[in-house]
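1. sequence first, then the predicted structure, then my questions.
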2 protein chains.
Amino acid sequence: MAGSDQEHTARQSASTRERLLESATRLFGERGIEATSLRALTDAAGSNIAAVNYHFGSKEGLLRAVVDQTMRAVNDERALRLDELESAARPMSIAALVRAFVEPGIGLVEGHGHRGSDVARFIGRVMSEPDARVRQIFAEQVEPVEGRYLAAFGRALPDLDEDGVRFVYTSMLGLLSVHQSGSFTTLWAPEEGSGTAASGLGIVDRERLVAFITGGILATLTARATTVP
Amino acid sequence: MAGSDQEHTARQSASTRERLLESATRLFGERGIEATSLRALTDAAGSNIAAVNYHFGSKEGLLRAVVDQTMRAVNDERALRLDELESAARPMSIAALVRAFVEPGIGLVEGHGHRGSDVARFIGRVMSEPDARVRQIFAEQVEPVEGRYLAAFGRALPDLDEDGVRFVYTSMLGLLSVHQSGSFTTLWAPEEGSGTAASGLGIVDRERLVAFITGGILATLTARATTVP
DNA sequence: AGTCGTTTCAAACGATCGTTTCAATCGACT
DNA sequence: AGTCGATTGAAACGATCGTTTGAAACGACT
C-alpha cells in the first residue's frame, strides 16, 4: 500500500480538541459516521483515542460537537434571512424563500475557508444517514429553524396541501444533501484516494441549485401541465 | 423491550435463499448495509449465519444478489423505454425522458407487491451509501443504462454544458433516492419501530416527482430568470 | 436399509469496535 | 524546586463483527 506513516492532515498548531473536530468533520463526511473508527480519526488528528473520551465523553459526544459547530452558523443565518423576509413586503417569493434556505448551506464552502467542502460534505452526509440516533442529533439542532421554514413554505404555497408542502420541502433538503455531500459525483469521476476530491460547490452550481429547486416547486403547483418539451 | 421471540417477517414458505434476500432487502434499506449485521439478518429470515456464506459466499455476495434482483427489472424497463423514445418522433421531450427514467424506479412499489416499498427503500439507500465498494457494486449494475440516459439528456439539452447536464442528472438521481428511501420522512414522523413505516410512494407523489424534476431542469436552462414569485 | 449430495445448525476464530483504566507528562503558581 | 490540576499516552476490557469449521439433518435414489 502506498501509505504514509503519518496521515494527520489536521494542522498541528491547533489544539487537540480542534484537531479532533476537524478530522471528525472530514472523515465523517468522507466515509460516513459509523464507518469511521475512533482510531482512524485520532490517527488523522495526530492524537490518541482517549482524547476523544476526555474532550467529548464519547463518539456520540464528538458527533454532537461537530454537528453543533458546523450547523450553528447555518442555522443563525437561515433564521436571520427568514426574519428579513417576514418583515419585508408581502407576499413572500418562492425563489427568495428557497434562496434564503439554500444559500447559507452552500455558503459553508466559503465560510470555512479550505475546510468548507469538508463541512458541506459532512452536513450532506449526516442528513442522509440511516441511523435514527444520528438523524435525531441533527434534527434537534435544526428543528426550530426548519420548522419555521416549513411553515413559511406552507404559507407561500396556499394552493398546496400539507403533503405537497412536505414533498417540495423534502425535495429541497434532498437536493441540498446530494449536492453538498457530492455522493454521486464519484459515479462519473471514480478517482479514489486523492484526499482533495470534490472541491465543493461553485457559484455556478449555487445558481443552478436555486433555479432548479424553485422551478421544481413551481412546476409542482401546476401539476399535470408539465408535458411541455 | 417489547420484542417478540421470533421476528422473522419473511414468509416461512419460501426457500432459505429467498428469505435471506427478502430480509436483506428490507433490513439493508431500513438500517443501512454496514449497520445490518448478518446475525440480525439471519434472525429476521429465520435462518442461520452460515446460510449466508453457503448461498452467497459472503455478505458482499448477498448484497450483490440483492442489487441484481432489485435492479434488473428497473434497468430493463428503463432501457426499453429509452428505446421507444429514441425510435419515436424527434426531438425528445425532457418530460418524457424524465418520466421514462423515474417511473420504472417508482414502479417498483407496485411491481413487487407488498415488498415494493422495501425494494424502493433499499435502492434509495444504496444510492446514498458512503462506502465506495457498495456504490461501485451498484454502479456496475446500472452503468450501461444510466450512461445511455446521461447521453440522451445531453442531446436533449444542447444549450447546457457538460457540467450542467451532470448537474441536472445528479439532481434527478438524488431526488429519486431521497423519495424512494424515505430518509427525511422520519423528520416529521418520528414513529420508530413500527415495521410498516413508510408505505411507499403513491400515484400523487409520482406525478409530483416527475413534475418537480422536469420543472427543475427547464428552470436550470433559463438560469437567472427565476425571480418570479 | 444404506449411500450420497445438499442444506442447516451450533460453536468457535481472529479482527476490530467503543470504552475504560492508570500512569506519565505538561504548564502554571507558591 | 515543588505541588496540583489539566492533558496525553499505552494497554487492556468486553462486545460484536464477518467468516470458518465440522458435524447433524434432510431428501432422493439404488
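-> Structure received.

2. which residue packs closest to A:Gly174, ignoring adjacent ones?
-> B:Val178 (3.1 Å; C-beta to C-beta, 6 or more residues apart in numbering or on different chains). Yep, even glycine has a C-beta here, placed from its N, CA and C like the rest.

3. the most centrally placed residue in chain A and A:Gly107, how far apart?
-> Nearest to the mean C-alpha position of chain A, by C-alpha atoms, centre = their mean, lies A:Ile123 at 2.9 Å. Using C-beta to C-beta, to the nearest Å, we find A:Ile123 at a distance of 12 Å from A:Gly107.

4. shared neighbours of the two, anything?
-> Shared contacts of A:Ile123 and A:Gly107 (C-beta atoms under 8 Å, 6 or more residues apart in numbering or on different chains): A:Val74.

5. CA atoms of whichever strand or helix holds the residue nearest to A:Gly174 as CSV?
-> Assigned by DSSP states H and E, B:Val178 falls within helix B:162-181. What follows is helix B:162-181, C-alpha atoms only, in CSV (Å, rounded to 0.1, in the frame of the first residue of the first chain):
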residue,chain,number,x,y,z
GLU,B,162,-21.3,19.1,-19.7
ASP,B,163,-21.3,20.2,-16.1
GLY,B,164,-24.9,21.4,-16.5
VAL,B,165,-26.0,18.0,-17.8
ARG,B,166,-24.3,16.2,-15.0
PHE,B,167,-25.9,18.6,-12.5
VAL,B,168,-29.5,18.0,-13.6
TYR,B,169,-28.8,14.3,-13.9
THR,B,170,-27.4,14.2,-10.4
SER,B,171,-30.4,16.1,-9.2
MET,B,172,-32.7,13.6,-10.7
LEU,B,173,-30.9,10.7,-9.1
GLY,B,174,-30.8,12.4,-5.8
LEU,B,175,-34.5,13.2,-5.8
LEU,B,176,-35.3,9.7,-6.7
SER,B,177,-33.0,8.4,-4.0
VAL,B,178,-34.4,10.6,-1.3
HIS,B,179,-38.1,9.9,-2.1
GLN,B,180,-37.5,6.2,-2.5
SER,B,181,-35.6,5.8,0.7
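
6. now it: mean pLDDT?
-> The pLDDT scores in helix B:162-181 average 94.

7. and the longest helix seen in chain A with DNA strand C, contact?
-> Counting residues, the longest helix in chain A under DSSP state H turns out to be helix A:59-86. Yes. For helix A:59-86 and DNA strand C, the contact criterion (C-beta under 7 Å from any atom of the strand) is met by A:59-60.

8. so how far is that helix off the chain centroid?
-> Centroid separation between helix A:59-86 and its chain, computed with C-alpha atoms, centre = their mean, to the nearest Å, is 10 Å.

9. next secondary structure element downstream of that helix?
-> helix A:94-106.

10. worst-scoring helix or strand of chain A, pLDDT-wise?
-> One helix or strand of chain A scores below all others by mean pLDDT, DSSP states H and E: helix A:185-188, with a mean of 64.

11. what does chain A put close to DNA strand D?
-> Counting by C-beta under 7 Å from any atom of the strand, chain A sits next to DNA strand D at A:15-17, A:47-51, A:54-55.

12. format the residues you listed as JSON lines; extra columns: distance to DNA strand C and neighbour count.
-> Output for the residues of chain A next to DNA strand D, formatted as JSON lines (distance: C-beta to the nearest atom of the strand, whole Å; neighbours: other C-beta atoms under 10 Å in any protein chain shown):
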{"residue": "A:Ser15", "distance to DNA strand C": "12", "neighbour count": "9"}
{"residue": "A:Thr16", "distance to DNA strand C": "12", "neighbour count": "17"}
{"residue": "A:Arg17", "distance to DNA strand C": "15", "neighbour count": "17"}
{"residue": "A:Ser47", "distance to DNA strand C": "12", "neighbour count": "20"}
{"residue": "A:Asn48", "distance to DNA strand C": "8", "neighbour count": "14"}
{"residue": "A:Ile49", "distance to DNA strand C": "4", "neighbour count": "13"}
{"residue": "A:Ala50", "distance to DNA strand C": "4", "neighbour count": "10"}
{"residue": "A:Ala51", "distance to DNA strand C": "9", "neighbour count": "18"}
{"residue": "A:Tyr54", "distance to DNA strand C": "8", "neighbour count": "13"}
{"residue": "A:His55", "distance to DNA strand C": "11", "neighbour count": "17"}
